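1. pasting a predicted model and its sequence here:
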Amino acid sequence: MNVIHKSRVTFRPVKPLIGAVVEADRAALFDPEVVAQCRDMLEERTVLVMPQVHFTNEEQLAFTDLLGGRLNLTSEATTNKDENVYQVTLDRKINRAPEYVLGTFFWHMDGMPMEMPPPLATLLSARRLAPKGGQTEFANTFAAYEQMPEAQRAEIEDLRIIHSVAASLRSIADAIPEAEKGKLAIGVEKERPLVQTHKNGRKSLIVGSTADRIVGMELAYGRAYIARLNEWATQPDFVYQHQWQAGDFVIWSNTGALHRVVPYARDSGRMMHRTSIAG
């Protein structure tokens with residue numbers, strides 16, 4: 001794994017197929033040239049880690065704006081005064097819809113069932129950690145596609161998948177109180193390609209827990225196919241698990257990486273702040 005040195009920043013790969021640690025002076029992270037280099041490296045490494053930079057909301061939003069067009073994604077669910085930052089927490093006093101946070105225990109990509117284009121990238125900062133659990137895992141779906149046998153790539157090239165909120169909540173449906181189910185957008189769904197071609201020509205698999213069924217395929221067969229694709233995409237060589245420290249800042253390609261969190265207790269106090277880049 002080659003370490004990549006730029007004028008004001010170094011990118012140090014963490015695994016052969018995924019992830020890089022960004023090493024730079026804190027002030028350099030707001031240099032537009034450095035941010036552009038981070039964006040280029042994001043396309044190559046899928047996940048970038050900035051250890052213990054301790055961004056404030058204002059700094060996280062400033063970096064987000066430099067990286068690309070800011071997207072407000074579900075921040076109305078929280079009581080945070082800054083509507084552009086989504087507080088990822090299971091604390092019902094802060095998050096009015098913690099059920100969606102429970103859904104993050106399973107491999108997914110953000111925004112797939114929604115009508116708008118899914119976010120290009122997601123940015124997450126660690127504010128409070130859980131005593132146990134809470135690590136975030138990422139699976140590179142660029143690598144998953146590229147390492148797939150050629151015959152299978154040809155087989156899936158034109159398939160389309162229906163992504164739904166109902167599918168993303170299926171594993172936790174029994175844990176959601178009946179009074180809360182009506183408040184969730186369970187009927188929302190969107191058809192998307194199984195294989196996405198990115199501007200740089202690379203292709204990635206678009207799968208995860210929101211993937212409900214394959215268009216034109218019998219339901220049981222389609223769901224079994226999706227389950228096998230999810231297993232393929234999340235094999236160890238494609239996965240990086242981030243062990244959070246307070247103040248860490250992580251960016252990932254939302255349509256090039258599945259992600260999930262290792263389960264943690266509701267009362268753990270874990271708090272992450274999320275911003276998003278529009279697709």
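-> Sure, I can see it.

2. okay, CA-based contacts and neighbour counts for the rest of this
-> OK.

3. tell me which stretches of the chain form helices.
-> 32-45, 57-67, 98-102, 141-146, 150-156, 165-169, 178-181, 219-233 (DSSP state H).

4. lowest-confidence stretch among the ones you listed?
-> Mean pLDDT is lowest for helix 178-181 among the helices of the chain, at a mean of 55.

5. give me the pLDDT for the nearest residue to residue 161 once chain neighbours are set aside.
-> Using CA to CA, 6 or more residues apart in numbering and skipping the chain neighbours, the partner closest in space to residue 161 is residue 214 (4.5 Å). Looking at residue 214, its pLDDT reads 98.

6. tell me how far residue 214 lies from residue 227.
-> From residue 214 across to residue 227, the span is 11 Å (CA to CA, to the nearest Å).

7. on that earlier part again, distance of the residue nearest to residue 161 from residue 35?
-> Going from residue 214 to residue 35 by CA to CA gives 38 Å.

8. between those two, tell me which one has more neighbours.
-> residue 214 (24 against 19; other CA atoms under 10 Å).

9. may I have stretch 64-73 as PDB, with CA atoms only?
-> What follows is stretch 64-73, C-alpha atoms only, in PDB (Å, rounded to 0.1, in the frame of the first residue of the first chain):
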ATOM      1  CA  THR A  64     -18.800  20.100   3.900                       C
ATOM      2  CA  ASP A  65     -19.400  23.200   1.700                       C
ATOM      3  CA  LEU A  66     -15.900  23.100   0.400                       C
ATOM      4  CA  LEU A  67     -16.200  19.400  -0.500                       C
ATOM      5  CA  GLY A  68     -19.500  19.800  -2.400                       C
ATOM      6  CA  GLY A  69     -23.100  21.000  -2.300                       C
ATOM      7  CA  ARG A  70     -24.500  20.600   1.100                       C
ATOM      8  CA  LEU A  71     -27.600  18.400   1.500                       C
ATOM      9  CA  ASN A  72     -30.000  18.500   4.500                       C
ATOM     10  CA  LEU A  73     -31.000  14.800   5.100                       C
END
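
10. just the buried residues of it, please?
-> Residues 64, 66-68, 70-73 are the ones in stretch 64-73 that count as buried (16 or more other CA atoms under 10 Å).

11. so what touches that stretch?
-> By CA atoms under 8 Å, 6 or more residues apart in numbering, the residues outside stretch 64-73 that reach it are 30, 32, 35-36, 39, 83-86, 111, 119, 123, 275-278.
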